[in-house]
Structure formats: structure tokens, C-alpha cells
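J.: I'll drop the sequence and a predicted model, then ask my questions.
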Amino acid sequence: MRNTDVLIFVEDPGAANYLAQLPAALAGRGWFVKVLADGHARQYLLQLGVYPEAVQHSVAADQVLASVRPRLLIVGTGLNPNTLGLALVAEARSAKIESIGVVDASMNPDHRFRGQSDKPLAYAPDWLFVVDESTKAAYTALGYPAERVVVCGHPHYDYMRTVRMKLENEGQDALRQRVLPGVPKERKVIVFATDCSTRLSQPRTGSPVRDGQVHLADYTLVGRGTGKGRTEVVLEEFLDAVQLVRPLPYLVLRLHPKDTLEDYVEYVDEFDLVSSSGSPFELIYAADLVVGLTTMLMLEAALLGKRTLSIVPRAVEMDWLPSVRAGITPRVATRKQLRTALVDLLCDSSHTPCANVDDVIPFGSLQRVVDFIERLLEWAKTS
């Protein structure tokens, strides 16, 4: 039986985005790749045309490695301290199998490899693939060796560029008529992208949600005073602010892959449409504005060339979104800023971002990732 060259494990949708194109790219160069997925990532990968094997919850890391026999392990990262991914890294270390951790976003660097320990790098792999220099700096500040952090960009950015080109061929007007039939032309379309309040309410992420209540001491937004999570606070501020826009825009609520309709049931009646499944890209491209916090869908909207607005309730979140750091997506943190920005973005046809997405977002990431993995595999062959 042939050994597996690369074993990929992922359970978080964000990491799934990063890794989705990798199996086909490596297989195209003759490498044997096996993909295992758990949690929300499995369904997400299926939507992207990747067919991973499901992981049994009772399986142990040593059993997986003994069965698959990989030369190289790649794991996606997230905030689950009990993920199989961390156990696989620890077991690979014992088995002298080289390992790579994929960091798809800059936030929470001190929790992705902590597990249940009090050490932020307790389960850190041999190599880190990160999206940009600021993410690299965050890990080196924790003590991770700088020479083992590889700034690769994000393969999903390349994919989004091909999606944009396809959608541009159809055009926004034609797409809107097809995706949102019956919406009058004079009504602007705003998509609000949720940010998975449940995940970001866990104490280890630094959210002020404790004992089921929001503690707003470090918040610059308060919502209606009833929200129990970070996204709900921002959502309430948005819904109140958008009432000042005339004519009232057509409002769409797009749910994060980890969210359910029940999470936002008290707000559903304030939207014209709720979108919770399938690819969001046609809907996003048909919109006039995409609003949210720091979810990947905000960056994807910017990569599609859409106007975006990031609403963040705390100073620590100001630069979490790469398109904010790149000067593409404006951000607001107060009620006054939000209300002014909504009017400007919807009513000022001359408004343009500070930077062009093609000029500031690095493309070609997939090639860089595959090239580096091939070098590691060649080293593994000779060791």
C-alpha cells in the first residue's frame, strides 16, 4: 500500500477556504493527498467541490497517522481547544513527521495552538503558513521561530479573483434581476454578513460575554441593550442606523456557516430576505453594499469589487479584517460614524476605496504554497 504524501485535516470553515484548492493542485503534480474533515468544514468543502473523508469523533490521533502513514501533515487552525488537529500535531512530532499549521486570519494568535494548556504554542507545528507580515509578527512575538513562519498570502484570494471575472461577464444589473427578481431598481441592496456570535462569545476569545450577558465596558457600541453577543450588538446598531436611509434599502441577512436561523430569530422580521445556504457570491455581487464585522465574507465581498463597511465594537478588532488593513474596506466604531458612513456609501456614487484590490491584495498564493510543500516533501524523501 502506497504511503500518503500529504495528510490534510480541517474542521473550521476559514481554514477550509485556505486549503480547498490545495489537494487538486498537489495531485496535479503527482502527490498522493488525503483530506480528513470534521465539523462545519466538511460541509463547506463539499460546497467547494472537495470531497473529504469524515472523521469519527472517537478516533485517536495515533490511529489516524498509523492508518494514513503521511510524509507531511497539514492542519487548519481555529479556536477549538479539543480539535483533533492539535492532537495530530503532537503525535506527528513524536513520530518525526513534518507538520504545517495554516493560519488563515490574524486574530487570536495566542489561542490557535494552546489547546487546554496555558502555553500559547504548546501544540505549534514545525511550520506556519500565514497570510501576511502582521500575522507573522504576532506569532514571532509569542516566541515562534521567525525562520519557520512562511508568508504565503491566501489561496482563496486567487479563487475569488476567478469568481469575480466570471460575475463581471454577466454584470451586476443582469445578476440582480436573476438573483433578486422583483426588487425595484431604486432600492439599494445591502447584505449584512453575520460573524458567528456563538464562537466569538467564548471567554478565551476575549469577548465581553460572561454568564450569558454582554459586559460593555470596552464597547464603543451598545445596540439596543438587549443583544447577548458581539454580532447582535452590531446588528442592532446597523438596523437602527439604516432606517435613516431613504428610500429604505432592501435588506438581506446572510448567515455565517456556523450560525443558524434560530440565532437571529428576533431580527428576521426586519430583513427582506434571509440567506443561509449555498454559495453567497452571486448575492454579494448583486448587492450595492456589504456590511458586517470581520467575517471572511467581508473580505470576499471586497475581492469581488463590492463596497464594504466593517462595523467593529472594540478597539482590539480595528485591524482584524485584511481589507481594512489594505485600505479597501472602511471601518466604523461609533454610532455617529456608522450612520454617516451608510449614507455616504449608498448615496455618493463617486465614493471609491483608498486602494484598489488588485494593487494591494497579494495573488499567486496557491503557487507559493504548493512550491514550499513540494520542497518539504523532497526533503522528507531524502531524510
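T.: Yep, it's here.

J.: List the contacts of Cys152.
T.: Taking CB atoms under 8 Å, 6 or more residues apart in numbering, we find Cys152 in contact with Phe129, Val130, Val131, Ser365, Arg368, Val369, Phe372. C-beta coordinates here come from the backbone N, C-alpha and C atoms, glycine included.

J.: Could you measure from it over to Gln172?
T.: Using CB to CB, to the nearest Å, we find Cys152 at a distance of 32 Å from Gln172.

J.: JSON lines for the contacts of Cys152, including distance to Arg164?
T.: Output for the contacts of Cys152, formatted as JSON lines (distance: CB to CB, whole Å):
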{"residue": "Phe129", "distance to Arg164": "24"}
{"residue": "Val130", "distance to Arg164": "24"}
{"residue": "Val131", "distance to Arg164": "19"}
{"residue": "Ser365", "distance to Arg164": "16"}
{"residue": "Arg368", "distance to Arg164": "21"}
{"residue": "Val369", "distance to Arg164": "21"}
{"residue": "Phe372", "distance to Arg164": "26"}
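
J.: Give me the phi and psi for Gly364.
T.: Per-residue torsions, Gly364: phi 80, psi 20 (degrees, to the nearest 10).

J.: contacting residues around it?
T.: Gly153, Asp158.

J.: Check the gap between it and Val370 for me.
T.: 11 Å.

J.: where does this structure dip in pLDDT?
T.: 1-2, 197-217, 227, 349-355, 360, 382-383 (pLDDT under 70).

J.: what residues go with each domain of it?
T.: By the record's domain assignment, the chain is partitioned as 4-153+364-382, 160-360 (automatic domain parsing).

J.: Compute the distance between Leu261 and Arg161, please.
T.: 32 Å.

J.: out of these two, which sits in the busier spot?
T.: Counted by other CB atoms under 10 Å, Leu261 and Arg161 do not tie: Arg161 has more neighbours, with 16 against 11.

J.: Would you mind confirming that the more buried one makes contact with Leu303?
T.: Yes. Arg161 sits in contact with Leu303 when judged by CB atoms under 8 Å, with a separation of 6.8 Å.

J.: so after whatever helix or strand Ile284 lives in, what's the next helix or strand?
T.: Using DSSP states H and E, Ile284 sits in helix 281-286. Toward the C-terminus, helix 281-286 is succeeded by strand 289-292 as the next helix or strand (DSSP H and E).

J.: Can you list the helices and strands that that next one packs against?
T.: Applying 3 or more CB pairs under 8 Å, 6 or more residues apart in numbering; DSSP states H and E, one finds that strand 289-292 contacts strand 189-193, helix 296-303, strand 308-311, helix 335-347.

J.: which element is Val370 on?
T.: helix 365-382.

J.: Buried ones in that helix, by neighbour count?
T.: Ser365, Leu366, Arg368, Val369, Val370, Ile373, Leu376, Leu377 (16 or more other CB atoms under 10 Å).

J.: Serialize those residues to TSV and add fields for distance to Pro13.
T.: As requested, the buried residues of helix 365-382 are exported to TSV (distance: CB to CB, whole Å):
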residue	distance to Pro13
Ser365	18
Leu366	18
Arg368	22
Val369	18
Val370	22
Ile373	22
Leu376	26
Leu377	27
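
J.: helix, strand or coil for Glu147?
T.: helix (DSSP: H, G, I helix; E, B strand; the rest coil).

J.: got it, and Leu251?
T.: Assignment for Leu251 (three-state DSSP): strand.

J.: Isn't it up against Val183?
T.: No. Applying CB under 8 Å, one finds Leu251 not in contact with Val183, separated by 10.8 Å.

J.: which residues do the two both contact?
T.: Contacts common to Leu251 and Val183, judged by CB under 8 Å, 6+ apart, are Asp272.

J.: which two from the contacts of Cys152 end up farthest apart in space?
T.: Spanning the widest gap among those are Val131 and Phe372, at 14.3 Å by CB to CB.

J.: which stretches of the stretch 101-250 of the chain form strands?
T.: Taking DSSP state E, counting those that start in this stretch as the criterion, the stretch 101-250 of the chain carries its strands at 127-130, 149-151, 189-193, 209-210, 213-214, 250-254.

J.: Going by neighbour count, list what's buried in the third one.
T.: Neighbour counts using 16+ other CB under 10 Å place Val189, Ile190, Val191, Phe192, Ala193 of strand 189-193 among the buried residues.

J.: Now render the residues you listed as JSON lines, adding distance to Met298.
T.: Below are the buried residues of strand 189-193 laid out as JSON lines (distance: CB to CB, whole Å):
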{"residue": "Val189", "distance to Met298": "16"}
{"residue": "Ile190", "distance to Met298": "13"}
{"residue": "Val191", "distance to Met298": "10"}
{"residue": "Phe192", "distance to Met298": "10"}
{"residue": "Ala193", "distance to Met298": "6"}
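
J.: of those, closest to Ile328?
T.: Minimum distance to Ile328 across those is 15.4 Å, recorded for Ala193 (CB to CB).

J.: Tell me who's in contact with that closest one.
T.: Arg254, His256, Val290, Val291, Gly292, Leu293, Thr295, Leu297, Met298, Ala301.

J.: How far away from the center of its chain is the helix holding Ile284?
T.: Relative to its chain's centre, helix 281-286 lies at 17 Å (CA atoms, centre = their mean, to the nearest Å).

J.: tell me which strands and helices that helix is in contact with?
T.: Using 3+ CB pairs under 8 Å, 6+ apart: helix 281-286 touches helix 155-170, helix 172-179, strand 189-193, strand 250-254, helix 296-303.

J.: which of the buried residues of helix 365-382 sit farthest apart?
T.: Ser365 and Leu377 (18.5 Å).

J.: hang on, isn't Arg224 packed against Asp240?
T.: Yes. Assessed by CB under 8 Å, Arg224 is found in contact with Asp240 at 7.3 Å.

J.: So between these two, which is more surrounded?
T.: Asp240 (15 against 12).
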